[in-house]
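A.B. asks: What follows is a predicted structure for the sequence shown.
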Amino acid sequence: MEGDKKPNAAAIALAEGSQAWTAGKTDQAAAAFATSALLAPGVPLGHVNLGVALRRQGHVAAAVISHRRALALAPDDAVAHSNLGNALRELGQLAEAEDHLRWAARTQPDNLSFRYNLALLLRDRRKHGEARAMMAELVEAQPDNGDYAWDLALADLYLSDYQRGFAGYEARWRLARSPKRAFATPQVLPGQDLRGKTVLVAAEQGFGDALQFARFLPVLAERCALLVVECLPELQSLFAAIPGIAQVFVKGAHPPAHDCWIPIMSLAHWLEVDPASLPGPVPYLTPPRALARPLGHPPGSVLNVGLIWAGKTVPRDRSWPLERLLPLMEDPRMAFWSLQMGERSSDLKTTGIGTLVRDLSPAINSFADTAALMNGLDMVVTIDTSAAHLAGALGKPTWMLLRYVSDWRWLDQGDTCLWYPTMRLFRQPDPDDFDTPVAQMKIMLTQAADKMSAAKV
């Protein structure tokens, strides 16, 4: 009798989980799917649904196990293959992820979602030509799909096709996560003559994007009568120091009078930028104020190195384990100064590395503060975060550690950066290797310290 009740209870839990999922109640859905999978472990759907819910909760490793359980029961389930591939991709296990995603797309070639998942994975695998071709097919099949159009634009940017890429970048307004701003004035059209116009540049996206595209503001200022710029509060004093800007105001405040407006991330498209003609000199940002007291070089040191190791974890973790950076600190001629902000600044204490690094975070309240501190350092070692863009925009020698899957602006090869000529890139050779780039950086840091020491003799 008890055995008859369990399958029924499992089916009820599965149905309750589906209802909760549809209602957007992820935790409740995961609990119900878990109950279903435990009560009826021989039913693949319970494991599939649990895996999807676990991944949404951020429990990706557990999600992989759920999908493997489903495939053990139903080896030909294309949905389970695609879901497992997605979870493996998120864990950085890209080769195995490709096997599962290709299997799903090959088995169900008319399933656009499977092909989309595979195209995203191919981009991570640095197979950009194939990924781009697949994205183009998806856009052709569903031209109204904003996600497909957006990722096609990113595929073009990865291939350094800036003309098509930045034109396609306008598809961001079709994404649910980035609704378009509304102003009473018209938006600037591509190629529009702005002579005699007061133009408002509107803020959007994150700090790093704004810092990168701020290089276009002086160019725009030369082509219009008056330029007013909206930005987040943390950038206000820094942007106010950019030549040619008449006024900088904080996002959310009432905008000053203007004739037309343009989002800051649309400037590259309006200027028809290509890799051979990135306009504007570097540095294009300067600290609006100097440090009240210079940092100086601690006794016995010849090289002041700023350090940032943690950034956003979504959509990709760009951080570097702080402990893996310890080899850089063996040479006492190098003084390390932490510019790390946010929760991860506590890594200094929890790892004990705070005894080897001077913490500057208490002195930082804005990007202007960070800029002034960077100006007092000899160089900056960072991961892909807004501070990297700031250091590059300041023209500071910047060494950046890049995870295997990196953003379009850094490309996938080479150790130089088109956007920031004083930046050097140190790349992971595979997703699990945090040591090789650090070892390469250590050699070069030692050489830099040797050079500085010789200059002081």
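C.D. replies: Received it, and whenever you're ready, just let me know what you need.
A.B. asks: Low-confidence stretches in the stretch 151-300 of the chain?
C.D. replies: 279 (pLDDT under 70).
A.B. asks: in it, which spans are strands?
C.D. replies: Along the stretch 151-300 of the chain, the segments classed as strands by DSSP state E, counting those that start in this stretch run 198-202, 226-231, 247-250, 260-263.
A.B. asks: is it true that Y169 touches L152?
C.D. replies: No. Using CB atoms under 8 Å, Y169 is not in contact with L152, being 10.2 Å away. C-betas here are computed from N, CA, C, even on glycine.
A.B. asks: What is the neighbour count of L226?
C.D. replies: Neighbour count for L226, taken as other CB atoms under 10 Å: 18.
A.B. asks: can you pull the contacts of the nearest residue to it once chain neighbours are set aside?
C.D. replies: Take L226 and drop its neighbours on the chain: the residue closest to it by CB to CB, 6 or more residues apart in numbering is T198, 4.1 Å away. Going by CB atoms under 8 Å, 6 or more residues apart in numbering, T198 touches 224-228, 257-259.
A.B. asks: quick one: T198 from V228, how far?
C.D. replies: Using CB to CB, to the nearest Å, T198 is found at 7 Å from V228.
A.B. asks: Find the residues that touch each one of those two.
C.D. replies: Contacts common to T198 and V228, judged by CB under 8 Å, 6+ apart, are H258.
A.B. asks: List the buried residues in stretch 56-71.
C.D. replies: 59-60, 62-67, 69-71 (16 or more other CB atoms under 10 Å).
A.B. asks: contacting residues around that stretch?
C.D. replies: Against stretch 56-71 from outside (CB under 8 Å, 6+ apart): 26-27, 30, 37, 41, 44-45, 47-48, 50-52, 54-55, 77, 80-81, 83-84, 87-88, 90-91.
A.B. asks: Sitting in helices, which of the residues you listed do you find?
C.D. replies: If you go by DSSP state H, the contacts of stretch 56-71 have 26-27, 30, 37, 44-45, 47-48, 50-52, 54-55, 80-81, 83-84, 87-88, 90-91 in helices.
A.B. asks: Of those residues, which count as buried by neighbour count?
C.D. replies: Buried, going by 16+ other CB under 10 Å: 30, 37, 44-45, 47-48, 50-52, 54-55, 80-81, 83-84, 87-88, 90, out of the ones in helices among the contacts of stretch 56-71.
A.B. asks: the strands in the stretch 301-450 of the chain, which residues?
C.D. replies: Going by DSSP E, counting those that start in this stretch, the stretch 301-450 of the chain shows strands at 303-307, 334-338, 357-359, 379-383, 398-402, 423-427.
A.B. asks: can you list those in CSV and add mean pLDDT and mean neighbour count?
C.D. replies: Putting the strands of the stretch 301-450 of the chain into CSV (pLDDT from 0 to 100; neighbours: other CB atoms under 10 Å) gives the following:
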stretch, mean pLDDT, mean neighbour count
strand 303-307, 98, 22
strand 334-338, 98, 21
strand 357-359, 97, 16
strand 379-383, 98, 25
strand 398-402, 98, 25
strand 423-427, 98, 20
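A.B. asks: closest to A290 out of those?
C.D. replies: With CB to CB, the closest approach to A290 among the strands of the stretch 301-450 of the chain belongs to strand 303-307: 15.6 Å.
A.B. asks: With just CA atoms, put stretch 396-408 into PDB.
C.D. replies: Extracted in PDB, the C-alpha atoms of stretch 396-408 (Å, rounded to 0.1, in the frame of the first residue of the first chain):
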ATOM      1  CA  LYS A 396      48.300  54.100 -16.000                       C
ATOM      2  CA  PRO A 397      50.400  51.000 -16.600                       C
ATOM      3  CA  THR A 398      47.800  48.300 -16.100                       C
ATOM      4  CA  TRP A 399      48.300  44.500 -16.000                       C
ATOM      5  CA  MET A 400      45.000  42.700 -16.200                       C
ATOM      6  CA  LEU A 401      44.300  39.000 -15.400                       C
ATOM      7  CA  LEU A 402      41.700  37.600 -17.700                       C
ATOM      8  CA  ARG A 403      39.600  34.500 -17.200                       C
ATOM      9  CA  TYR A 404      39.400  32.100 -20.100                       C
ATOM     10  CA  VAL A 405      36.000  33.400 -21.100                       C
ATOM     11  CA  SER A 406      36.500  37.100 -21.400                       C
ATOM     12  CA  ASP A 407      34.500  40.000 -22.700                       C
ATOM     13  CA  TRP A 408      34.400  41.100 -26.400                       C
END
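A.B. asks: between Y169 and L152, who's got more neighbours?
C.D. replies: The neighbour comparison of Y169 against L152 (other CB under 10 Å) goes to L152, with 25 against 21.
A.B. asks: Apart from its chain neighbours, what residue comes closest to the more buried one?
C.D. replies: Distance criterion CB to CB, 6+ apart; nearest residue to L152, sequence neighbours excluded, is M135 at 4.2 Å.
A.B. asks: now M441
C.D. replies: In space, M441 is closest to F426, 5.3 Å off (CB to CB, 6+ apart).
A.B. asks: where's the one you found relative to E140, distance?
C.D. replies: Applying CB to CB to F426 and E140 gives a distance of 39 Å.
A.B. asks: Run through the residues that contact G85.
C.D. replies: 97-101, 104, 117-118, 121.
A.B. asks: Same question for A167.
C.D. replies: Here A167 is in contact with 153, 190, 269 (CB under 8 Å, 6+ apart).
A.B. asks: Buried subset of those, written for PyMOL?
C.D. replies: Typed into PyMOL, the line below selects the buried ones among those, using 16+ other CB under 10 Å:
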select buried, resi 153+269
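A.B. asks: For the contacts of A167, give me JSON lines that also has distance to P109.
C.D. replies: Converted to JSON lines, the contacts of A167 look like this (distance: CB to CB, whole Å):
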{"residue": "A153", "distance to P109": "24"}
{"residue": "P190", "distance to P109": "36"}
{"residue": "H269", "distance to P109": "34"}
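A.B. asks: from the contacts of A167, which is closest to E343?
C.D. replies: A153 (32.2 Å).
A.B. asks: roughly how far apart are the closest residue to that closest one other than its chain neighbours and H269?
C.D. replies: Using CB to CB, 6+ apart and skipping the chain neighbours, the partner closest in space to A153 is G168 (3.0 Å). Distance of G168 to H269, given as CB to CB: 9 Å.
A.B. asks: Surely L14 is in contact with S36?
C.D. replies: Yes. If you go by CB under 8 Å, L14 and S36 touch, sitting 4.1 Å apart.
A.B. asks: shared neighbours, those two?
C.D. replies: 43, 46, 49.
A.B. asks: Which of the residues you listed has the largest number of neighbours?
C.D. replies: Busiest of the shared contacts of L14 and S36 [other CB under 10 Å] is G46, holding 28 neighbours.
A.B. asks: can you tell me which residues contact that one?
C.D. replies: G46 touches 10, 14, 33, 36-37, 40, counting by CB under 8 Å, 6+ apart.
A.B. asks: secondary structure class for M134?
C.D. replies: At M134 the chain is in helix, as set by DSSP: H, G, I helix; E, B strand; the rest coil.
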